[in-house]
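1. Give me the fold of what follows.
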Amino acid sequence: MGNKPSVRRLRSLILSTKVDVVGIAEPIIPFQKAGRLMKKIGMSGVVSNGEAHGHKLWVFWRQDAQVRVMDSHEQFVTLECRIGSEKAVLVSFVHALCSFYKRWLLWNALLDQGIDASTPWAISGDFNAILSPGKKVGGRQMIYRASPFKFQQMWITHPGFKECVRLCWENQVYGLPLQILYLKLKALHIRLKAWNKSVFGNIHQNARNAEDMVVRAEIEAEQAPSDDSRRALKNARTNLHDVLLQEEIFWKQKSRVRWLKKGERNTIFFHTAINVQRCIGRVEKIRDANGEWIQGTENIALEVARFFADAFSSQGVTQDADLLDFIPRVVTDEDNAALLHIPSLDEVKEAVFALSQDSAPGPDGFSGYFFTSCWEIIGGDVWRAIEDFFLRGLASKGIHISKSGSHPQKGEPRGNL
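-> Residues are numbered from 1 along each chain as shown. I've put the predicted structure just below:
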């Protein structure tokens, strides 16, 4: 908006469309010049999303429009607009940031405004998102990756979860025991992703909807008390309790906080813990072999790749088999026999149930909580797969088995499959 051609094009667009309210994202000129621009485009009022947010969003309106600012945010400004005697409508002008996480915060902030569902509400602006890579101009090449599967502990709370697992697990699969387990887990994770989408959907939106249902049921029970209204209120509160429990389990699993006891809802605490973890896990800079600091995502990635390539490259090592004779024998025949002992079903079950419920999932996305919760369905296949591994000594592609999974150590036993 700092040059005459841009102003002329905007004024022409306003005159041809006869709009009453106009929003501009990133005008690239100081807000002190907003009054002058307002007069040039034929408007009589202007407001921004605030000095604290850099005045990155400007909204102009005509003289016959009544405008009131309802909410101001870094990425949007929401206005109540009324033209003449018409009903008021809400309009949110958006200028989303490029970060996926920041856009997620944007949508949460929009939904948290507490807007009445009966009030007309329009959202418009620059969302910094495209429908396909072909729409992108300049910048880095876009790479789309499917989100990895991860077992969600909240699924256990649904009465139809185990039946879904059972129906998928009973499908006939042919192959060696390890291959059968791998293929069944692979098929199950596809089934669970579809099941989660149809049954749970967006749990955060579910919580907001459940809260609205309770409010409506309370109002109806007060205005028209009856057995049906009281029953509806009870059902709405039960549904809200279940949805909030699912949301709490989701945040707890994501935060990996193990020491907090069950009871009071702690979703805010879990959400904060996740943000702290993200900050701790972020690598801003690293030091190379010459002691120089390297910054930037691409430069850091290249340095990490170079470091490990050098660390694991052969340096012309000479092998001498005679040196093996000087290594003392520590493992006795009894120890070796115990290590090669094929574990029984009870031993495998004991090792699986020793896994922490909040442990990180394996490469297949299934955590220890899944194996313990569905043991009566999958236990037989798990044991046969481990037995097959001990007998043949080979693991199929996609399967990772650790001896610690069958022989727990002292203290807190750990294992993975």
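2. only C-alpha atoms for contact and neighbour calcs from this point on.
-> OK.
3. where exactly do the helices run in the stretch 301-417 of the chain?
-> With DSSP state H, counting those that start in this stretch as the criterion, the stretch 301-417 of the chain has helices at 333-340, 345-353, 368-373, 375-392.
4. how far out from the middle of the chain is the last one?
-> Spelled out, that is helix 375-392. 32 Å (Cα atoms, centre = their mean, to the nearest Å).
5. List the buried residues for that helix?
-> 375, 377-379, 381-390 (16 or more other Cα atoms under 10 Å).
6. Next, the angle from it to helix 345-353.
-> Inter-element angle recorded for helix 375-392 and helix 345-353: 110 degrees (by axes from the mean of the first three to the mean of the last three Cα atoms, to 10 degrees).
7. Touching helix 375-392 from outside, list them.
-> Residues external to helix 375-392 that are found in contact with it (Cα atoms under 8 Å, 6 or more residues apart in numbering): 165-166, 169, 176-181, 340-345, 348-349, 371, 395, 401.
8. Just the ones of these in strands?
-> Among the contacts of helix 375-392, no member falls in strands (DSSP state E).
9. Show me which of the residues you listed are buried.
-> Taking 16+ other Cα under 10 Å as the criterion, what is buried in the contacts of helix 375-392 is 165, 169, 177-181, 342-343, 348-349, 371, 395.
10. Report the lowest-confidence entry in these.
-> Lowest in pLDDT among these is A395, which has 57.
11. Could you export stretch 13-22 as CSV, CA atoms only?
-> Provided in CSV are the C-alpha atoms of stretch 13-22 (Å, rounded to 0.1, in the frame of the first residue of the first chain):
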residue,chain,number,x,y,z
LEU,A,13,-11.8,-3.0,-6.5
ILE,A,14,-13.8,-1.4,-3.7
LEU,A,15,-15.9,0.6,-6.1
SER,A,16,-16.6,-2.3,-8.4
THR,A,17,-17.6,-4.8,-5.6
LYS,A,18,-19.4,-2.1,-3.5
VAL,A,19,-18.1,-3.7,-0.3
ASP,A,20,-18.7,-2.0,3.1
VAL,A,21,-15.8,-3.5,5.0
VAL,A,22,-12.3,-4.2,3.7
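12. Show residues contacting that stretch.
-> The contact list for stretch 13-22 (Cα under 8 Å, 6+ apart) reads I41, V59, F60, W61, R62, A65.
13. now do 10 Å
-> Applying Cα atoms under 10 Å, 6 or more residues apart in numbering, the external contacts of stretch 13-22 come out as 7-10, 12, 41-43, 45-46, 58-65, 67, 81-83, 91, 93.
14. Mind checking which of these are buried?
-> Buried by 16+ other Cα under 10 Å: 10, 41, 43, 45-46, 58-62, 65, 67, 81-83, 91, 93, out of the contacts of stretch 13-22.
15. need the helix or strand of this structure with the lowest average pLDDT.
-> Within the chain, confidence by mean pLDDT, DSSP states H and E is lowest for helix 267-280 among all helices and strands, at a mean of 51.
16. Run the chain-centre distance for the helix or strand just after that helix.
-> Using DSSP states H and E, the helix or strand that follows helix 267-280 in sequence is strand 285-287. On the basis of Cα atoms, centre = their mean, strand 285-287 is displaced by 28 Å from the centre of the chain it belongs to.
17. Would you mind measuring from the residue lying farthest from the centre of the chain to V331?
-> Each residue of the chain has a distance to the centre, and by Cα atoms, centre = their mean the biggest one is for D322: 54.4 Å. D322 sits 20 Å away from V331 when distances are taken as Cα to Cα, to the nearest Å.
18. A338 now?
-> The spacing between A338 and V331, counted by Cα to Cα, is 10 Å.
19. try S92
-> Separation of S92 from V331 (Cα to Cα): 71 Å.
20. higher neighbour count, these two?
-> S92 (22 against 10; other Cα atoms under 10 Å).
21. quick one: which helix or strand includes V59?
-> strand 57-61.
22. for that strand, packing partners?
-> Here strand 57-61 touches strand 21-25, helix 34-40, strand 45-48, strand 65-72, strand 76-83, strand 89-95, going by 3 or more Cα pairs under 10 Å, 6 or more residues apart in numbering; DSSP states H and E.
23. and that strand with strand 89-95, angle?
-> 140 degrees.
24. Quick check: S226 touching E220?
-> Yes: with contact defined as Cα atoms under 10 Å, S226 counts as touching E220 (9.3 Å).
25. Which neighbours do these two have in common?
-> With Cα under 10 Å, 6+ apart, S226 and E220 have common neighbours A232.
26. Looking at those two, which is more packed in?
-> Between S226 and E220, counted using other Cα under 10 Å, the more crowded position is E220 (16 against 12).
27. The residue lying closest to S48 once chain neighbours are set aside pairs with what?
-> Closest residue in space to S48, ignoring its immediate chain neighbours: W58 at 4.4 Å, by Cα to Cα, 6 or more residues apart in numbering. Counting by DSSP bridges, W58 forms beta bridges with I24, S48.
28. if I pick W58, what's in contact with it?
-> Taking Cα under 10 Å, 6+ apart, we find W58 in contact with 22-27, 31, 34, 46-50, 76-77, 93.
29. List buried residues within these.
-> Listed as buried from these are 23-25, 31, 34, 46-50, 76-77, 93; burial here means 16+ other Cα under 10 Å.
30. Could you single out the nearest of these to Q357?
-> Q357 lies nearest to F76 out of the buried ones among the contacts of W58, by Cα to Cα, at 40.4 Å.
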